[in-house]
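Enquirer: Sharing a model prediction with you, sequence too.
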Amino acid sequence: MTAVAAAPLAAGGSRHLAGTGALLRLALRRDRLMIPAWVLVLGLTVAGMGSSFETLYDTPAERAALAASMNANASLRALYGPVFGDSIGGLIAWRMAGFGAVLAAVMSLLIVVRHTREEEETGRQELLSAAMVGRRAPLTAALLTALIANAALALVMAGGLIKSGRPAAGSLALGVAVGAAGVLFAGLAAIAAQLTESARLAKGLTGAVLGLAFALRAAGDAATSDATSPLTWISPIGWAENLRPYAGERWWIILLFLGAAALTVSAAYVLTARRDLGMSFLPARPGPARAPRSLNGPFGLAWRLQRTTLLGWTIGYVCAGGIFGGIAQGASDMVGDNARTREIFERMGGQQGLTDAFLATMVGMLGMIAALFAAGSVLRLRSEETDDRAEPVLAGAVGRVRWAVSHLVVAYLGSAVILTAGGLALGVSYGLTTDDIAGGIGPVLGAALAQLPAVWALTGLAVLVFGLLPKATAAVWALIGGVLAIGWLGPVLKFPEWAMDLSPYSHLPKLPGAEVTAAPFVWLLVLSAVFLAAGLAGLRRRDIG
């Protein structure tokens, strides 16, 4: 809090902070559901992870063997990072220090952008600024909200780990590492909010920086087995893992986070003092005098609005598929003789050979994450509607269904594109490790495309909510989050069969290697079509806006 508050006080005095308290209370009220959901789900998941490791690796010898196999495999280090300690706490830190920092960063960028650039974009900040609100009060309130959220996350995570029997020092170090990464990316999101003209661009820019940080960490960890690569030290995600919870904590690394957070926050305050409300340092470039023919209809407009997002997802899937395919051949070494770990892979990927089960697990992960892209593409309709950009389109010779279908084409076909890209990259990467590229591409690509009926079922569900219950579109993310939780945690925690059946992915065959029947594909496609038709029918009958 000192780093957040010191910059504006030095830059302009307390008059620039007038109204900060009221804006902070408003932000916390608006985020009264989102912040607790992030904090409790992430914090309690980390706290409860120890019991899973105790079940899977119940002897020191098994844990030491796991650590040795992970550190010996460059691809696995790139994905998860090195293992610094083979205790239960050390394994928790290995799995969650990096990924927890990424999730905390996502939470922070959503909070900061929502209460800064998004408020300006919608015009609400202009109304608030007409009252007794200082120039730097909105930014300060947004940063304080992110700080409170990350502090709560660190406390819940550390407290849960301590309560489950983990050493206090390591538990506190892991919580601080994750929370500090979130605070740092809150500062980066604040800078992005000053640079860009829209909330979407601010989120995209901060997300790109986060992706670069993760890629640098992955490249550095692949190069060295002890996280000493310069690439790892460039990345804040690498700082989080190098704090080394439960493995001789390096408390001085907290100073890196504090210094970087202070710099980013100070830069954000300097930028906000040098621009007008609603303006940005990277304004949109004026378009050509005449629009291209591709923008003559709603389909061209929808493609223009969503093509950059689709490109980013496609590149991400190519990278993820390449990494997963590179480590598939080493799945047997990773599992070794541990029957419980083998059982988890078989529950997630099927009863076929271990390598095929691992590939099926990775393909299933790509399929589940693709639902996030599809849902985001569908809900772009809602943002176009609430931001009053849909009305000018619908005022012309464009019907509601045609307007909606223009975006839904991107959602349905775009999910096929990214799964194709991920499946090809996974198949080629796996084929390179087995010297059989032709034999690896076909089955893996087919397995990736087999995920489409489940993705489209969730896409249809998003259309249904948008058409019938537009004010409840935020619930779509909760529904998809529940499906992801079933897919990722269900096999590990042994959810009951009825709970697993709530996910459409549970009904698909575990490809490659499993027996294929047409029934689950047909039923999921029919369900998607029913949801789609009902959602479009609801859109035709309800008010817009």
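Expert: Yep, it's here. Numbering: from 1, shown residues only.
Enquirer: make it CA atoms for all contacts and neighbour counts henceforth
Expert: OK.
Enquirer: Buried residues, the strand or helix carrying residue 382. List them.
Expert: Here residue 382, judged by DSSP states H and E, is contained in helix 354-386. Along helix 354-386, these residues count as buried under the neighbour rule (16 or more other CA atoms under 10 Å): 354-382.
Enquirer: cool, stretch 154-167 as well?
Expert: 154-162, 166.
Enquirer: do stretch 40-60 as well
Expert: Under the neighbour-count criterion of 16+ other CA under 10 Å, stretch 40-60 has 42-44, 46-47, 49-50, 53, 56-57 buried.
Enquirer: Among those, find me the one that's closest to residue 469.
Expert: Closest approach between the buried residues of stretch 40-60 and residue 469, by CA to CA: residue 42, at 28.1 Å.
Enquirer: what about the closest one, distance to residue 274?
Expert: Distance from residue 42 to residue 274, counting by CA to CA, to the nearest Å: 37 Å.
Enquirer: downstream neighbour of the helix or strand of the chain with the lowest mean pLDDT in the secondary structure list?
Expert: Using mean pLDDT, DSSP states H and E, helix 2-12 stands out as the lowest-scoring helix or strand of the chain, at a mean of 46. Counting by DSSP H and E, the element after helix 2-12 in chain order, helix or strand, is helix 20-30.
Enquirer: And that following helix, what's buried?
Expert: Those would be 20, 23-24, 27-28, for helix 20-30 by 16+ other CA under 10 Å.
Enquirer: And stretch 124-143, by the same measure?
Expert: For stretch 124-143, the neighbour count (16+ other CA under 10 Å) marks 125, 133-143 as buried.
Enquirer: quick one: that stretch to chain centroid distance?
Expert: Relative to its chain's centre, stretch 124-143 lies at 29 Å (CA atoms, centre = their mean, to the nearest Å).
Enquirer: Then stretch 60-78?
Expert: Mean-position distance between stretch 60-78 and its chain equals 26 Å (CA atoms, centre = their mean).
Enquirer: got the contact list for that stretch?
Expert: For stretch 60-78, the external contacting residues (CA atoms under 8 Å, 6 or more residues apart in numbering) are 57, 82-87, 217-225, 323, 326-327, 333-335, 338.
Enquirer: I'd like to know which of those residues are buried.
Expert: The neighbour-count criterion (16+ other CA under 10 Å) marks 57, 82-87, 217-225, 323, 326-327, 334-335 among those as buried.
Enquirer: Nearest residue to residue 318 in space, please, no chain neighbours.
Expert: Nearest non-adjacent residue to residue 318, counting by CA to CA, 6 or more residues apart in numbering: residue 422, 4.9 Å away.
Enquirer: In contact with the one you found, which residues are there?
Expert: Contacts of residue 422 (CA under 8 Å, 6+ apart): 314, 317-322, 366, 448.
Enquirer: try residue 43
Expert: Shown in contact with residue 43 (CA under 8 Å, 6+ apart): 153-154, 156-157, 160.
Enquirer: Look up the pLDDT of it for me, please.
Expert: With respect to pLDDT, residue 43 has a value of 84.
Enquirer: Return the angle between stretch directions for the helix or strand where it lies and helix 20-30.
Expert: For residue 43, the element it lies in under DSSP H and E is helix 34-56. When axes from the mean of the first three to the mean of the last three CA atoms, to 10 degrees is applied, the directions of helix 34-56 and helix 20-30 differ by 60 degrees.
Enquirer: immediately after helix 34-56, which helix or strand?
Expert: Heading C-terminal from helix 34-56 (DSSP H and E), you reach helix 60-72.
Enquirer: Quick one: mean pLDDT for that next one?
Expert: Mean pLDDT, computed over helix 60-72, is 80.
Enquirer: coming back round to it: so which of the contacts of residue 43 are in helices?
Expert: With helices taken from DSSP state H, the overlap with these comprises 153-154, 156-157, 160.
Enquirer: and residue 482, how far is that from residue 279?
Expert: Counting by CA to CA - residue 482 and residue 279 are separated by 38 Å.
Enquirer: For those two, indicate the residue with more neighbours.
Expert: Shown here are residue 482 and residue 279; by other CA atoms under 10 Å, residue 279 has more neighbours (17 against 14).
Enquirer: correct me, but the more buried one touches residue 198?
Expert: No: assessed by CA atoms under 8 Å, residue 279 is found out of contact with residue 198, at 9.6 Å.
Enquirer: so where's the stretch 201-350 of the chain shaky on pLDDT?
Expert: Filtered on pLDDT under 70, the stretch 201-350 of the chain yields the residue ranges 278, 284-285, 287, 328-350.
Enquirer: Do you have the helices of it handy? List them.
Expert: 230-234, 236-242, 253-272, 298-328, 331-335, 339-349 (DSSP state H, counting those that start in this stretch).
Enquirer: and of those helices, who's closest to residue 443?
Expert: Here helix 298-328 is closest among these (CA to CA), at 12.7 Å.
Enquirer: for the chain, what's the longest helix?
Expert: helix 400-434.
Enquirer: Next secondary structure after it?
Expert: Downstream of helix 400-434, the next assigned helix or strand under DSSP H and E is helix 437-449.
Enquirer: Buried ones in the helix or strand following that following helix, by neighbour count?
Expert: Next in sequence after helix 437-449, counting helices and strands by DSSP H and E, comes helix 452-468. When burial is assessed from 16+ other CA under 10 Å, helix 452-468 yields the following buried residues: 452-468.
Enquirer: avg pLDDT for the following helix or strand past helix 452-468?
Expert: Following helix 452-468 in sequence order, the next helix or strand is helix 474-493 (DSSP H and E). Helix 474-493 comes out with an average pLDDT of 75.
Enquirer: what packs against helix 474-493?
Expert: Using 3 or more CA pairs under 8 Å, 6 or more residues apart in numbering; DSSP states H and E, the elements in contact with helix 474-493 are helix 339-349, helix 354-386, helix 452-468, helix 497-500.
Enquirer: List only those of the contacts of residue 422 flagged as buried.
Expert: The neighbour count (16+ other CA under 10 Å) marks 314, 317-322, 366, 448 as buried among the contacts of residue 422.
Enquirer: got a markdown table for those residues, with distance to residue 63 too?
Expert: As requested, the buried ones among the contacts of residue 422 are exported to a markdown table (distance: CA to CA, whole Å):
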| residue | distance to residue 63 |
| --- | --- |
| 314 | 36 |
| 317 | 31 |
| 318 | 32 |
| 319 | 29 |
| 320 | 27 |
| 321 | 28 |
| 322 | 28 |
| 366 | 28 |
| 448 | 32 |
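Enquirer: which two of those residues lie the greatest distance from each other?
Expert: Greatest spacing in the buried ones among the contacts of residue 422, by CA to CA: 319 and 448 (14.9 Å).
Enquirer: Residue 503: what's it in contact with?
Expert: Contact analysis of residue 503 by CA under 8 Å, 6+ apart lists 483, 486-487.
Enquirer: swap the cut-off to 10 Å and go again
Expert: 368, 454, 458, 479-480, 482-487 (CA atoms under 10 Å, 6 or more residues apart in numbering).
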